[in-house]
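Peer 1: Need a 3D model of the sequence below.
(4 chains)
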Protein chains: 2
Amino acid sequence: MASKDRIQRLKDETRANILDASLRIAVEEGWQSLSMRKIADAIEYTAPVIYEYFANKEAILLELTRRGYMILSKDIQTAKNQYQLPAKQLEAMWLAYWDFAFANQELYQLMFGVQINCCCGVVEDLPESKSPLNQFREVIISLINSADPAPDLICLKYYTFWSVVHGLISINILKRGYSPEMNNQVLKAAISDIINSIAKAT
Amino acid sequence: MASKDRIQRLKDETRANILDASLRIAVEEGWQSLSMRKIADAIEYTAPVIYEYFANKEAILLELTRRGYMILSKDIQTAKNQYQLPAKQLEAMWLAYWDFAFANQELYQLMFGVQINCCCGVVEDLPESKSPLNQFREVIISLINSADPAPDLICLKYYTFWSVVHGLISINILKRGYSPEMNNQVLKAAISDIINSIAKAT
DNA sequence: ACCATTTCGTAACGCTGTTAAACAATTTAA
DNA sequence: TTAAATTGTTTAACAGCGTTACGAAATGGT
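Peer 2: Here you go, the predicted structure:
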């Protein structure tokens, strides 16, 4: 009867091996080149065995996502526990989020999807249309209280804007049901906040 | 010799047909189910012909991205031209960006990649770890000057935070080279700005 | 009318995720 | 101990993907 336990332990082990191998492959070669046959190779089995541990490939990714959220959740909690003031807590929590993203880049990509083509730099090879960054550049410069601001600073300010707007758009595209007037309100408020912060700082 | 022109016109037409069909399929079935064979079906050809007009599938997507940027660029420019004050210009430009995203949802997804799994709502089925939203909820509530704030408002505030942080993380993951101290500075500034805006408003 | 070139479809390659069936090993029952 | 049943694992295959090689058919120029 104890052999049941041993077998269960072996099963758990290969299940963990599948997850570990998947993450390792993603770290080494990127998520897009992760295949069932590669995982099978890594755990020294053939592909069909994986389906005794996971329903399909997506289930593996979902389990890894779950792992990621567990780590992230713990990190955020310990950050929160170090302060009493809500404002301080909030800052610490987001800094923990920030640190998690860089300590677990592949997990973060899996959880939140970092794309290649957004905003700064990556769209230089679009000759016909000026890139949004270029269009925003001069306007942002004229808001900064400095004669010659660093290019990276402008890019970063632009990206701050873009992040907020893009985030609000995303939530609306994939989760309809927010009242449009409230969205407009929030959007305008966020924009004017950032404008103020640009004018204030530097 | 005029037949050369006619042929060229036909070629341009099928090239445009390929792009139109691709976008239409994406609108109807989503980008992930867009295949070369489906495009070929739509333009009433077989798959290999497409390769006489585009080097590969990615080239089609890139061309559509270019299209998207041209439209977006024009929209932003006309919004900008309606004002003189930089702050007003900036607001109008981002509102134009916003409108573009909803008027061309599929193009926007292609250009900036809207993921399925971020933040609010979509991660409910992760029982073991509290979702980040839940962890942030009470802290955000305690910052709002209201006894009983609307749940959607909290979610939206959370998403505003998340957008900024996620945006800054993205730019750092895929484009290294920004000085870490500046990033930290910008991150903390953005966070405290949002905190202030939360405390101020409502 | 003939040749050259372009246009297009068929078939195939190597890859993907996934499943069915067959074989081997192990555990259980008589 | 031997037979039966269950489990573990592999091989083979399917359907789909992006992409390419090749041959046939249609076209244009001389």
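Peer 1: buried ones in the host helix or strand of A:F100?
Peer 2: Under the criterion of DSSP states H and E, A:F100 resides in helix A:86-103. For helix A:86-103, a neighbour-count test (16 or more other Cβ atoms under 10 Å in any protein chain shown) marks A:86-87, A:89-98, A:100-101 as buried. Placement of C-beta: from N, CA and C, glycine included.
Peer 1: Count residues in the vicinity of A:N17, would you?
Peer 2: Number of residues near A:N17 (other Cβ atoms under 10 Å in any protein chain shown) recorded here: 16.
Peer 1: Show the model's pLDDT score for it.
Peer 2: We have a pLDDT of 98 for A:N17.
Peer 1: Not counting sequence-adjacent ones, nearest residue to it?
Peer 2: Nearest non-adjacent residue to A:N17, counting by Cβ to Cβ, 6 or more residues apart in numbering or on different chains: A:I43, 4.7 Å away.
Peer 1: tell me the contacts of the one you found?
Peer 2: A:T14, A:N17, A:I18, A:A21 (Cβ atoms under 8 Å, 6 or more residues apart in numbering or on different chains).
Peer 1: Looks like the last one contacts A:I39 (just checking).
Peer 2: Yes: judged on Cβ atoms under 8 Å, A:A21 makes contact with A:I39 at a distance of 5.3 Å.
Peer 1: Between these two, which is the more surrounded one?
Peer 2: Per other Cβ under 10 Å, whichever of A:A21 and A:I39 has more neighbours is A:I39, with 24 against 21.
Peer 1: residues contacting A:S33?
Peer 2: Counting by Cβ under 8 Å, 6+ apart, A:S33 touches A:I25.
Peer 1: what is the mean pLDDT for the helix holding A:F100?
Peer 2: Mean predicted confidence for helix A:86-103 is 91.
Peer 1: now for it, which elements pack on it?
Peer 2: In terms of contacts (3 or more Cβ pairs under 8 Å, 6 or more residues apart in numbering or on different chains; DSSP states H and E), helix A:86-103 is packed against helix A:57-80, helix A:105-112, helix B:132-143, helix B:151-174, helix B:180-200.
Peer 1: isn't A:L19 right up against A:I60?
Peer 2: Yes: if you go by Cβ under 8 Å, A:L19 and A:I60 touch, sitting 6.8 Å apart.
Peer 1: Of those two, which one has the most company?
Peer 2: The neighbour comparison of A:L19 against A:I60 (other Cβ under 10 Å) goes to A:I60, with 22 against 19.
Peer 1: Just give the nearest non-adjacent residue to that one, would you?
Peer 2: Per Cβ to Cβ, 6+ apart, closest to A:I60 is A:F54, 5.0 Å.
Peer 1: Next, the one you found: secondary structure please.
Peer 2: Classification of A:F54 using DSSP: H, G, I helix; E, B strand; the rest coil returns coil.
Peer 1: what helix or strand does A:D12 sit in?
Peer 2: Element membership for A:D12 (DSSP H and E) is helix A:2-29.
Peer 1: which outside residues touch the helix or strand just after that helix?
Peer 2: Once the chain leaves helix A:2-29, the next helix or strand it forms, by DSSP H and E, is helix A:36-42. Helix A:36-42 is contacted from outside by A:N17, A:I18, A:A21, A:S22, A:R24, A:I25, A:T46, A:A47, A:V49, A:I50, A:K57, A:I60, using Cβ under 8 Å, 6+ apart.
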